[in-house]
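[1] Predicted model and sequence below, questions to follow.
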Amino acid sequence: MANIIFAGTPEFSVHSLMALTEIGSHPSLVITQPDRRAGRGKKIKKSPVKIAAEKLQIPISQPASINESEYLEYLKQIDIEIIVVAAYGMIFSEELLAIPKLGCVNIHASLLPSWRGASPVQATILNGDEETGITLMKMTKGLDSGPIYSQHKMKLTQTESGDVLMERLGNLSAKAVRNDFKKILKQNLKAESQKNSEVSYSSKIEKKDAELDWSKPAEILAREVRAFNSNPGAYFIYKNEPIKCWKAIPNDKDSSPGKVISSDRNGIEIGCGSGSLVILELQRPGKRKITAGEFAAQVDMNNKELLS
């Protein structure tokens, strides 16, 4: 039986791991990121992949850096056939890529060469793409630039949040693994080069990128609210307090950018560069998510007040 190793970290990766076990391609080892402190209490949390691997009783490895020389030497002793990678969270070195006999297969959450990089799901929403999908590709030195084994497409509804789209793509990744992984393992699926003329990139999303800029069109801001839900969470500053914005829709009412047009149970409507944004669900620091009506009852937002 082929010696398969799986490398992944978030919930998205769990779908692929489960699919491998379903088709009888059980990994002999799961590599995932170290446990980290997270949440309000800063408690140490296991990655979703670690939790899944424990339930499946698969040995787990959590190196501080997968590219460290000592760890690479450890992997070289295992006689690895193939490494399957799904959102592991670290770029693989050339030395690491050369260890498995059949190389490393990456499960990427976009239709490459569109949206290479760290945030393809958010980029898809921000760009207003009509479709996206999963790409199975052979990993090479370049960033998500290796040849493609297969692609699985899906249409977008233009209403998905980042979390919802990630879950849909996770399910699609499982289908891709079930359909194609054994063909890759048996070398019955040819990988074809990407079209470099059609490349686009998605950079890592930082918290500062999620602050709403009222000079932008309402349609763009509505996409940002969806794309950044739930991480890092779109927000605006009101009276020196960052207010998370979890749900919003664009409207065609024109007003000065940043002007509060109305604030009631129907939503908090704010003027944008073009049109207006109607915020439906918000969250103050350290508080629970609430509706716009609840927020309006708590906070007096004068109809003429400008937001920064």
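    Received, thanks.

[2] all contacts plus neighbour counts: C-alpha atoms, from now on.
    Will do.

[3] In this structure, what helix or strand scores lowest on average pLDDT?
    strand 36-38 (a mean of 88; mean pLDDT, DSSP states H and E).

[4] What is that one packed up against?
    Applying 3 or more Cα pairs under 8 Å, 6 or more residues apart in numbering; DSSP states H and E, one finds that strand 36-38 contacts strand 43-45.

[5] Pairing partners for the strand it packs on, with directions?
    Strand 43-45 sits in its sheet next to strand 36-38 (antiparallel), going by DSSP bridges.

[6] thought I243 was touching I237?
    Yes - counting by Cα atoms under 8 Å, I237 is a contact partner of I243 at 6.0 Å.

[7] Comparing these two, which shows the higher neighbour count?
    Between I243 and I237, I243 has the larger neighbour count (other Cα atoms under 10 Å), namely 18 against 13.

[8] Could you point out the helix or strand that follows whichever strand or helix holds the more buried one?
    In the assignment (DSSP states H and E), I243 maps to strand 241-251. Heading C-terminal from strand 241-251, the first helix or strand you meet, by DSSP H and E, is strand 260-264.

[9] picking up where we left off before, quick one: residues in contact with the strand holding I243.
    218-219, 221-222, 225-226, 229-230, 233-237, 275-285 (Cα atoms under 8 Å, 6 or more residues apart in numbering).

[10] And stretch 40-54, by the same measure?
    8-11, 13-14, 17, 30, 32-38, 59-60.

[11] ok, and for it, which residues are buried?
    46-53 (16 or more other Cα atoms under 10 Å).

[12] now those residues in TSV, with distance to T291?
    Conversion of the buried residues of stretch 40-54 to TSV gives the following (distance: Cα to Cα, whole Å):
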residue	distance to T291
K46	32
S47	31
P48	30
V49	33
K50	35
I51	33
A52	34
A53	38
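
[13] The chain - how does it break down into domains?
    4-202, 207-298 (automatic domain parsing).

[14] Return the most buried member of these.
    When you average the neighbours per residue for each of these (mean count of other Cα atoms under 10 Å), domain 207-298 leads with a mean of 20.

[15] what distance separates stretch 49-64 from the centre of its chain?
    21 Å (Cα atoms, centre = their mean, to the nearest Å).

[16] Now do that stretch: distance from first to last residue.
    16 Å (Cα to Cα, to the nearest Å).

[17] okay, L282: pLDDT?
    pLDDT, L282: 96.

[18] Repeat that for D300.
    Looking at D300, the pLDDT reads 83.

[19] secondary structure element for the most centrally placed residue in the chain?
    Nearest residue to the geometric centre of the chain (Cα atoms, centre = their mean): V121, 5.1 Å. V121 belongs to helix 120-126 when assigned by DSSP H and E.

[20] mind checking how far the residue nearest to the centre of the chain is from Y71?
    31 Å.

[21] Q283 now?
    Counting by Cα to Cα, the separation of Q283 from Y71 is 43 Å.

[22] how far does the strand holding I243 sit from the chain's center?
    With Cα atoms, centre = their mean, you get 20 Å for strand 241-251.

[23] how about the CA coordinates for that strand, as PDB?
    Taking C-alpha atoms only, strand 241-251 is exported to PDB below (Å, rounded to 0.1, in the frame of the first residue of the first chain):
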ATOM      1  CA  GLU A 241     -14.900  51.900  18.600                       C
ATOM      2  CA  PRO A 242     -14.500  49.200  15.900                       C
ATOM      3  CA  ILE A 243     -17.900  47.900  15.000                       C
ATOM      4  CA  LYS A 244     -17.900  44.500  13.200                       C
ATOM      5  CA  CYS A 245     -20.300  44.300  10.300                       C
ATOM      6  CA  TRP A 246     -21.500  40.800   9.600                       C
ATOM      7  CA  LYS A 247     -24.400  41.200   7.200                       C
ATOM      8  CA  ALA A 248     -25.100  44.100   4.700                       C
ATOM      9  CA  ILE A 249     -26.800  44.700   1.400                       C
ATOM     10  CA  PRO A 250     -26.200  47.500  -1.200                       C
ATOM     11  CA  ASN A 251     -28.900  50.100  -2.000                       C
END
